[in-house]
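> What shape does this take:
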Amino acid sequence: MSTTIIFTVASLSILGLLLAVVLYFVAQKFKVEEDPRID
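As a prediction, the model looks like this:
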C-alpha cells in the first residue's frame, strides 16, 4: 500500500512539472507585446 501511494505521488508530481513546462513554452509562443501607444 505504501508503494502505491509513493508511486501515485511521484507520478502526479512528474506530470504536473511536465505540464508546467509545456504551459510555460506555450505562453512564451503566444505572448502579446503591449502597444506602447496605449500609455
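
> which regions of the protein lie under the pLDDT threshold?
Within the chain, the segments meeting pLDDT under 70 span 39.

> what residue is smack in the middle of it?
Note on the chain: the residue nearest the mean C-alpha position is Ala20, at 1.0 Å, using C-alpha atoms, centre = their mean.

> Just the element for that one, please.
helix 2-29 (DSSP states H and E).

> in that helix, what counts as buried?
The neighbour-count check on helix 2-29 (16 or more other C-beta atoms under 10 Å) flags nothing as buried. C-beta here means a position set from N, CA and C on the backbone, and glycine is covered the same way.

> swap in stretch 27-36?
Under 16+ other C-beta under 10 Å, stretch 27-36 has no buried positions.

> List of residues touching that stretch?
Taking C-beta atoms under 8 Å, 6 or more residues apart in numbering as the criterion, no residue outside stretch 27-36 touches it.

> mind exporting it as PDB, just the C-alpha atoms?
Output in PDB follows, covering the C-alpha atoms of stretch 27-36 (Å, rounded to 0.1, in the frame of the first residue of the first chain):
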ATOM      1  CA  ALA A  27       2.700  31.100 -23.100                       C
ATOM      2  CA  GLN A  28       6.000  32.300 -24.500                       C
ATOM      3  CA  LYS A  29       5.000  31.400 -28.000                       C
ATOM      4  CA  PHE A  30       1.600  33.200 -27.800                       C
ATOM      5  CA  LYS A  31       2.900  36.200 -25.800                       C
ATOM      6  CA  VAL A  32       1.400  39.500 -26.900                       C
ATOM      7  CA  GLU A  33       3.500  42.600 -26.900                       C
ATOM      8  CA  GLU A  34       1.900  45.600 -25.300                       C
ATOM      9  CA  ASP A  35       1.200  48.500 -27.600                       C
ATOM     10  CA  PRO A  36       3.400  51.500 -26.300                       C
END
